[in-house]
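>>> Build me a model from this:
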Amino acid sequence: MSRDNKTIIEKLNILLRETCYQSRVRLDGVLDDLFRNIHFRDKGEAHAKFWAKYERPPKKEYHQHIIERRDLLVPQNIRERKGAFFTPQIWVEKSQEYLAQVFGENWQEEYYVWDCCAGTCNLLAGLTNKYNVWASTIDQPDVDIVHANIENNAFNLIKKHVFQFDFLNDDFSKLPKELRNIINDPEKQKKLIIYMNPPYAESGSRSTMTATGKNKSRVATETFVYKNFSAIAGNATRELFAQFFLRIYQEMPDAKLASFGKLKYVTSQNFIKFREFFKAKYQRGFVCSSSTFDNVKGDFPIGFLIWDMANKKAMKRVKTDVLAGNRDVTECWKHGKKNFYPVMKNGVMIDWLRHFYDKTSKAIGFLRVNGPDFANNQGVFFTSCPSENDLVKHFVINITEGNLNEMAIYFAVRHCIKATWVNDRDQFLYPNDGYQKDKAFQNDCLIFSLFHSQNRICSVDDVNHWLPFTAREADAKENFQSTLMSGFLKQRKTLSAEAKAVFNAGKALWRYYQQTIQLDDKAVVDASLYEIREYFKGRNDKGKMKTKSTDERFNELDSELRASLNLLAAKIQPKVFEYGFLRE
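From the prediction side, this is the model:
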């Protein structure tokens, strides 16, 4: 955005001044002047070579788009620190459709709108009544950009309605008088919609604390809201978006809240105290994939939910539309509905599993556990050799003959349903007692867990007690060291047709392995399923197990086992919901 090495738009954060870059960002303190001008260290030689490849400035028709999306130039760590993410235009349009559905087609004439973390105001694009719209943001350069756009008729807003305001720190006395009057008038406040996509950053998590010994500095723990609400809302105040919610609820308790955000404030145990404070009637909303937002890591649901804060109701079920989009997110369509439920204290599945911890009996393996939602399922597996880190963090549980049943249920419930972006944050819950009398369900879970790829038991670590067959049944060239599991299975009198199919497919694979290694003195006779797959597939240069083997017969048998396991998973799934491990 420059000509002759001079920036042509004076209201950007960083300006090119021929021989240096000049910062308009405010830096409090003695370093302010030192970093105001950033000079070239090589007299601009590299700068000149780079820009010789490009035509500057770009054509005028691209100026607005470049300025609107300049957030893409901000380094990822800065974006995460500020928690700012650009709202895709298609979700802006959809959110305004939902606002019209809730508040009526003439809602823009009847209601006031304030985006209190507006950035460059892309969320407000499409609104028509500029007299009823306010926008504030923490960064003055963003305000300057919006003001310039208003002057150029790129935004249908009023300049004095767009202002700098630090919502998490500044006193409301700094707000424009007209907006203050709306907030202070009980009847007008009921007609105020706080419409926003708040920042997602948090002050620190268990992982950041473990790695560094301290929280991410100054992300969320130094705000006025954090200091005044941490006792009320607990861990929720570590999240910037939750701080916005808390102050909005405190200062404007009868307004409407229409916000994008993660669903953790609805579902997570860490938000129990938050939900005890924040009581509002849910009106309508949708969820879309986080992958449609630039620079957001992971693939999880981001919700746009509308709340009536004047109607003080405890959160229960939040029923949303699921909206899916094409690759470029220029079109979207309804893809069904999705329910989200609050999880109460001691209400997740690991709380149930604690009743079956066994630290006195001999361990035959270990269950590695992780967070209580689908997002953490890859961290749930069986192993015979837990890492030192997992032992220190208490991420592993002893599996013994006495608790094998419950460990297999936990494992099967966590893995029998495919993880998607829609269910990514669904919590696995403390079940009802129905499963206790359902022997078929218990047997299905045991067979499922024995033959699943997340069963990483290895004979090289210890005696393999997880062999589902005797040496005779597997046609082994030598006797097995342990018959514990095959003996355990023989006590299960009846297996479902689906479980038998998995068992038989597994036996065929084991027999083929034993047949193949007859002349291989180095091969392990007591090999586990994990080791059998490793034997046939091998590993790549990075040490990762390959996806296919050069042995086609093995590939056929392995595919048959996986196919039968999928059918068994489908049989288990309805019981997962029936017994309350998940809610539909």
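>>> Quick check: closest non-adjacent residue to Ser549.
Phe536 (4.1 Å; CB to CB, 6 or more residues apart in numbering). Every C-beta, even on glycine, is put in place using the N, C-alpha and C of the backbone.
>>> Now that neighbour: which helix or strand?
Assessed by DSSP states H and E, Phe536 sits inside helix 529-537.
>>> next one: that helix to chain centre, how far?
32 Å (CA atoms, centre = their mean, to the nearest Å).
>>> Packing partners of that helix?
With contacts taken as 3 or more CB pairs under 8 Å, 6 or more residues apart in numbering; DSSP states H and E, helix 529-537 sits against strand 455-456, helix 497-516, helix 552-578.
>>> Relative to Ala474, which of these is closest?
helix 497-516 (4.4 Å; CB to CB).
>>> for the closest one, what is the average pLDDT?
Mean per-residue pLDDT for helix 497-516: 97.
>>> now the angle from that helix to helix 552-578?
Helix 497-516 and helix 552-578 are oriented at 150 degrees to each other (axes from the mean of the first three to the mean of the last three CA atoms, to 10 degrees).
>>> buried set for helix 497-516?
Using 16 or more other CB atoms under 10 Å as the test for burial, helix 497-516 gives 498-499, 501-503, 505-507, 509-514, 516.
>>> Show residues contacting that helix.
Contacts to helix 497-516, defined as CB atoms under 8 Å, 6 or more residues apart in numbering, come from residues 443-444, 447-448, 450-451, 468-469, 473-477, 495, 525, 527, 529, 532, 535-536, 551, 553-554, 557-558, 560-561, 563-565, 567-568, 570-571.
>>> In terms of helices and strands, where is the closest residue to Asn197 other than its chain neighbours?
Spatial nearest neighbour of Asn197, excluding adjacent residues (CB to CB, 6+ apart): Phe260 at 4.0 Å. Taking DSSP H and E as the definition, Phe260 sits inside strand 256-262.
>>> Can I get the helix or strand that comes right after that strand as PDB, trimmed to CA atoms?
Where DSSP H and E defines the elements, the next helix or strand beyond strand 256-262 is helix 264-267. Extracted in PDB, the C-alpha atoms of helix 264-267 (Å, rounded to 0.1, in the frame of the first residue of the first chain):
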ATOM      1  CA  LYS A 264     -17.200 -24.400  26.600                       C
ATOM      2  CA  TYR A 265     -19.200 -21.800  28.500                       C
ATOM      3  CA  VAL A 266     -22.200 -24.100  27.900                       C
ATOM      4  CA  THR A 267     -20.600 -27.500  28.500                       C
END
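>>> Does anything pack onto helix 264-267? Which helices or strands?
Helices and strands touching helix 264-267, as assessed by 3+ CB pairs under 8 Å, 6+ apart, comprise helix 240-251, helix 272-277.
>>> redo that, cut-off 6 Å
The contact analysis (3 or more CB pairs under 6 Å, 6 or more residues apart in numbering; DSSP states H and E) places helix 264-267 against no helix or strand.
>>> I'd like the distance from that helix to the chain centre, please.
Offset of helix 264-267 from its chain centre (CA atoms, centre = their mean): 12 Å.
>>> List the contacts of that helix.
The contact list for helix 264-267, computed with CB atoms under 6 Å, 6 or more residues apart in numbering, reads 271, 318, 340, 343, 427.
>>> Pull out the buried residues from that helix.
264-267.
>>> Closest one to Lys43 out of these, please.
Using CB to CB, Lys264 is the member of the buried residues of helix 264-267 that lies nearest Lys43, at 50.8 Å.
>>> What distance do you get for that closest one to Lys297?
Applying CB to CB, to the nearest Å, the value for Lys264 to Lys297 is 15 Å.
>>> Same check on Val92?
Val92 is 22 Å from Lys297, where distance means CB to CB.
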